[in-house]
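[1] Predicted model and sequence follow; I will ask about them next.
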Amino acid sequence: MPWPRDTQVKHMKKKVELPVSEPVYSTYQYQGSMAGLLRCNPSLRNWYLNHALMLRCNRKFLTGYTTPEVDVVNSSWKNAPEVTEKRYSSEHLDGHIHYAVRSLLNDGYYVDFYIPGKSWYHEQHFYHDGLICGYDQTEKTYSLYAYDSNWLYRVFQTPQSAFNRARAKSAENGCFYVICGMKPSRTENVVEPECIYKNLLEYLDASPEKYPVTEEGNVFGLAVHNYIAMYVGKLFDGSIPYERMDRRVFRMLWEHKRVMLERLTAAEHALGLRPAVSTKYSEIVREANAMRMLYASHHMRRRDCALPGLQNKLLWMRETEEIWLREFTEEMKGAMKSEAVESHQAGVAAESVADAM
């Protein structure tokens, strides 16, 4: 919506710094921006454990595209429930952009924004997301939580003047960015074993026949491992140039496994299960981290000989994860059935006592 021209100017502070918490996922900046929401309502993490489980990629890399676009469904800050948003387009902000940003921060809103000075700025021309979490009027800077030029996800300061350049550049290209103030509700989110169980079954439902290479579109669940292995194969044979490799693929895979372990542990605790599967699953997390580091070293200094090993580990990971997650869903099914029986028996007993009185 446009910034109202008759807005009453209110007193601004010299400096505001809103704290952030570690996000659930942070491979992409639309995921990392949840750091502000989680600080305001830490229980939102449980919502992501319940709902942000499904691994996804796209098959376009088989026919000329250079990335498999690996991500996790429902992992954006925009998927979080009950978030109050206040949006303003740069097309209508005119000279009010800095006032709008500072006003939102003063009111406790974290601000999602495109800004230069981050990863790939001036290197590749597309628009980024980032989380503005503070400002300093003495230094004329904003505090930004995002990937910096060294690919570290952290809070850093960037000149406020960069926003004016960003606006001018986007306008030249016929684009208008949006600043979006966001603040979550205080609603308590709890771990929901039934929801996790349902989503795990859907994640496991991924036979090769369901996602054939002859078709187009997204691939979901376990089958994504097979397609990442194909992607690595195309890097190895040179059909996807080394210079165009997507450096984020194995970070997203590692984050998916790390959060999956957190999810299994939370479900075990909620259902009173022994930590048998989560203990075993830790091995998958360790392997995913090792694969991430190996892939990163290949990006820094080309090592084609490492790629076949990554393919083999991906196929091992898919097979092992399927075995352990199927074991876990069986344990969950038994525990939830027992809980349902106990709840029913307790209800019957309560009705009997009431009838006897």
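    That came in fine, so what should we check first? Residues are numbered from 1 along each chain as shown.
[2] Now do the strands in this structure.
    Per DSSP state E, the chain carries strands over the ranges 15-17, 55-58, 71-72, 83-89, 110-112, 131-136, 141-147, 153-159, 178-184, 218-220.
[3] pLDDT wise, what is the closest residue in space to residue 276 that isn't next to it in sequence at?
    For residue 276, ignoring the flanking residues on the chain, the nearest one in space by C-beta to C-beta, 6 or more residues apart in numbering is residue 331 at 7.9 Å. Where C-beta positions appear, they are placed from N, C-alpha and C, glycine not excepted. pLDDT recorded at residue 331 is 97.
[4] In this structure residue 331 contacts residue 275, no?
    No - using C-beta atoms under 8 Å, residue 331 is not in contact with residue 275, being 10.9 Å away.
[5] how close does the residue nearest to residue 276 sit to residue 50?
    Relative to residue 50, residue 331 is positioned 18 Å away (C-beta to C-beta, to the nearest Å).
[6] CA-only coordinates of stretch 40-58, as PDB, when you get a sec.
    Taking Å, rounded to 0.1, in the frame of the first residue of the first chain, the C-alpha atoms of stretch 40-58 are listed here in PDB:
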ATOM      1  CA  CYS A  40       9.300 -12.600  19.300                       C
ATOM      2  CA  ASN A  41       7.600 -15.900  19.500                       C
ATOM      3  CA  PRO A  42      10.100 -18.800  20.000                       C
ATOM      4  CA  SER A  43       7.200 -21.400  19.800                       C
ATOM      5  CA  LEU A  44       7.000 -20.700  16.100                       C
ATOM      6  CA  ARG A  45       9.900 -23.100  15.800                       C
ATOM      7  CA  ASN A  46       7.500 -25.900  16.700                       C
ATOM      8  CA  TRP A  47       5.300 -24.800  13.800                       C
ATOM      9  CA  TYR A  48       8.200 -25.300  11.400                       C
ATOM     10  CA  LEU A  49       9.000 -28.700  13.000                       C
ATOM     11  CA  ASN A  50       5.400 -29.700  12.300                       C
ATOM     12  CA  HIS A  51       5.000 -28.300   8.800                       C
ATOM     13  CA  ALA A  52       8.300 -27.500   7.100                       C
ATOM     14  CA  LEU A  53       9.500 -31.100   6.400                       C
ATOM     15  CA  MET A  54       9.100 -31.700   2.700                       C
ATOM     16  CA  LEU A  55      12.300 -31.600   0.600                       C
ATOM     17  CA  ARG A  56      11.700 -30.300  -2.900                       C
ATOM     18  CA  CYS A  57      13.700 -29.800  -6.200                       C
ATOM     19  CA  ASN A  58      12.900 -29.100  -9.800                       C
END
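[7] Would you mark the buried spots in it?
    40-41, 44-58 (16 or more other C-beta atoms under 10 Å).
[8] can you give me the helices for the chain?
    With helices called from DSSP state H, the chain shows them at 29-32, 34-40, 44-51, 90-93, 97-106, 161-172, 193-204, 223-237, 249-271, 276-300, 307-356.
[9] looking at the ones you listed, which is closest to residue 64?
    For residue 64, the closest of the helices of the chain is helix 223-237, at 10.5 Å, according to C-beta to C-beta.
[10] and the nearest residue to residue 14 once chain neighbours are set aside, what does it touch?
    Closest residue in space to residue 14, ignoring its immediate chain neighbours: residue 137 at 4.9 Å, by C-beta to C-beta, 6+ apart. Residue 137 is in contact with 12, 13, 14, 15, 102, counting by C-beta atoms under 8 Å, 6 or more residues apart in numbering.
[11] hmm, back to that, neighbour count winner among residue 331 and residue 275?
    Between residue 331 and residue 275, counting by other C-beta atoms under 10 Å, residue 331 is the more crowded of the two (17 against 13).
[12] ok, now which ones touch the more buried one?
    271, 273, 276, 277.
[13] ok, so of those, who is nearest residue 169?
    Distances from residue 169 to these, taken by C-beta to C-beta, are shortest for residue 277, at 50.1 Å.
[14] Could you double-check that residue 277 lies in contact with residue 324?
    Yes - contact status for residue 277 versus residue 324: in contact at 5.6 Å, counting by C-beta under 8 Å.
[15] List the contacts of the nearest residue to residue 186 once chain neighbours are set aside.
    Closest residue in space to residue 186, ignoring its immediate chain neighbours: residue 41 at 6.1 Å, by C-beta to C-beta, 6+ apart. Residue 41 makes contacts with 184, 185, 186, 187, 189, as judged by C-beta under 8 Å, 6+ apart.
[16] Would you convert the contacts of residue 331 into CSV that also reports pLDDT?
    Listed next are those as CSV, based on pLDDT from 0 to 100:
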residue, pLDDT
271, 97
273, 97
276, 97
277, 98
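[17] would you list the helices of the chain in a markdown table and tack on distance to residue 145?
    Shown next, in a markdown table, are the helices of the chain (distance: least, C-beta to C-beta, whole Å):
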| stretch | distance to residue 145 |
| --- | --- |
| helix 29-32 | 7 |
| helix 34-40 | 6 |
| helix 44-51 | 16 |
| helix 90-93 | 20 |
| helix 97-106 | 13 |
| helix 161-172 | 15 |
| helix 193-204 | 28 |
| helix 223-237 | 28 |
| helix 249-271 | 17 |
| helix 276-300 | 22 |
| helix 307-356 | 31 |
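[18] Quick one: closest of these to residue 148.
    Closest approach to residue 148 among these is made by helix 29-32 (11.4 Å; C-beta to C-beta).
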